[in-house]
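Peer 1: Got a sequence here, can you model it:
(one chain, ligands or ions: 2)
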Amino acid sequence: MLTEGQVVVHESLGDEEQRLRRLVLKGPIARTAQAGQFVAIQVQDSSISSFDPLLRRPISIAGISSERDEITLLYRIQGRGTEILARAKCGDKLSVMGPLGKGFSLPEKGELWLVAGGIGIFPLYPLAHRALTQGLTVRLFWGGENKSFLESAGLSSWKALGIPLHLSTLDGSLGQKGLVTGQAQELLEKSSAASGGHIRAAACGPKKMMQAVTELCKNYKVSVEVSLEERMGCAVGACLGCVCTLIDEAGVLIHKKVCQDGPVFRGEEVVWDESC
Ligand SMILES: Cc1cc2nc3c(=O)[nH]c(=O)nc-3n(C[C@H](O)[C@H](O)[C@H](O)COP(=O)(O)OP(=O)(O)OC[C@H]3O[C@@H](n4cnc5c(N)ncnc54)[C@H](O)[C@@H]3O)c2cc1C
Ligand code: FES
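Peer 2: Ligands and ions are numbered 1, 2, ... in the order given. Predicted coordinates for the structure are as follows:
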């Protein structure tokens, strides 16, 4: 759906060095959005041309309020497109396409383990919220560069959910020093429930991290969904710019579009070394 979103909040998040922004848009997308879906937002430098840059930028839906008709987007300023987006002011109307793609699924019961690397945390918050509403047990494993990043990227909102948090940082400034997979592995080893199929995992972050999470889950027979965040062109299945390689249940290699068939896929179906 192509629609307009009116900016109702646009603010810096935490430490300015992290270049993180929170953008709340009012519009009809909130009525149908699901955790794990994304929007493709038009960013235009009107001082140059109304078609520059041409491509919309994909951003995950990080919060959904259907009562207020609002979605929250959390993003990091990476390059030109997000720099232009960061200039949007309250009251501005932005052209937004969405909700796009297929989101995460939830088990009917049991535990949901969320595993996030860096800003991969953003699409997981509405998922945690939905899972808790459905009565599932949720825990979060989240790794980032340092304490400043985790605090800026919404740690207090996660603490407010009251779920177990397993934090790690590369420099050891908060939580365990090292990679996010370390803590997940420790707990999987201790957890007898793992073999009973009571745990499902959902992961989002850098590709190497999601590959490692998938391998870990495979070793402990835990089913995992991953959200592939790759560069996109059209975001609606027309340009084939986001095609990735998967392997189906019969062992046959197939190609799918991340924007339309994903961005969420079962971890075990992703061919990590070739995908996208
Ligand atoms: C489905 C999906 C959901 C996303 N959700 C979010 C989100 O919630 N918050 C957020 O901050 N970002 C998210 N991203 C990434 C975001 O789309 C890019 O950061 C953004 O498009 C960069 O645009 P730019 O013009 O600012 O940077 P560019 O000038 O295009 O690129 C700047 C740098 O960022 C890298 N980059 C660009 N796009 C991506 C990408 N998709 N993945 C990894 N690196 C990239 C480039 O290689 C380059 O090094 C998502 C991407 C996808 C595909
Ligand atoms: S981005 Fe064009 S087909 Fe997916």
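Peer 1: Would you mind giving the domain segments of the chain?
Peer 2: The chain breaks down by automatic domain parsing into domains covering 2-100, 111-227, 230-276.
Peer 1: what would these look like in TSV with mean neighbour count?
Peer 2: Any C-beta I mention is one placed from the backbone N, CA and C, and that applies to glycine too. What follows is those, written out as TSV (neighbours: other Cβ atoms under 10 Å):
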stretch	mean neighbour count
domain 2-100	17
domain 111-227	19
domain 230-276	17
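Peer 1: Am I right that Ile29 is in a strand?
Peer 2: No: secondary structure assignment (DSSP: H, G, I helix; E, B strand; the rest coil) places Ile29 in helix, not in a strand.
Peer 1: So for the top helix by length along the chain, mean pLDDT?
Peer 2: In the chain, taking DSSP state H as the definition, the longest helix is helix 207-219. Averaging pLDDT along helix 207-219 yields 95.
Peer 1: ditto for stretch 117-132
Peer 2: 96.
Peer 1: what about that stretch, start to end distance?
Peer 2: Start and end residues of stretch 117-132 are separated by 21 Å (Cα to Cα, to the nearest Å).
Peer 1: Say whether ligand 1 is contacted by it.
Peer 2: Yes: using Cβ under 6 Å from any ligand atom, stretch 117-132 reaches ligand 1 at 119, 122.
Peer 1: For this protein, which residues are neighbours of ligand 2?
Peer 2: Checking the chain against ligand 2 by Cβ under 6 Å from any ligand atom, the hits are 232-235, 237-242, 257, 259.
Peer 1: Just the closest of those to Arg139, please.
Peer 2: Within these, proximity to Arg139 (Cβ to Cβ) peaks at Cys259, which comes in at 29.9 Å.
Peer 1: for the protein, where's the lowest mean pLDDT among helices and strands?
Peer 2: helix 180-190 (a mean of 90; mean pLDDT, DSSP states H and E).
Peer 1: Which elements pack onto that one?
Peer 2: Helices and strands touching helix 180-190, as assessed by 3 or more Cβ pairs under 8 Å, 6 or more residues apart in numbering; DSSP states H and E, comprise strand 111-117, strand 137-144, strand 165-169, helix 207-219.
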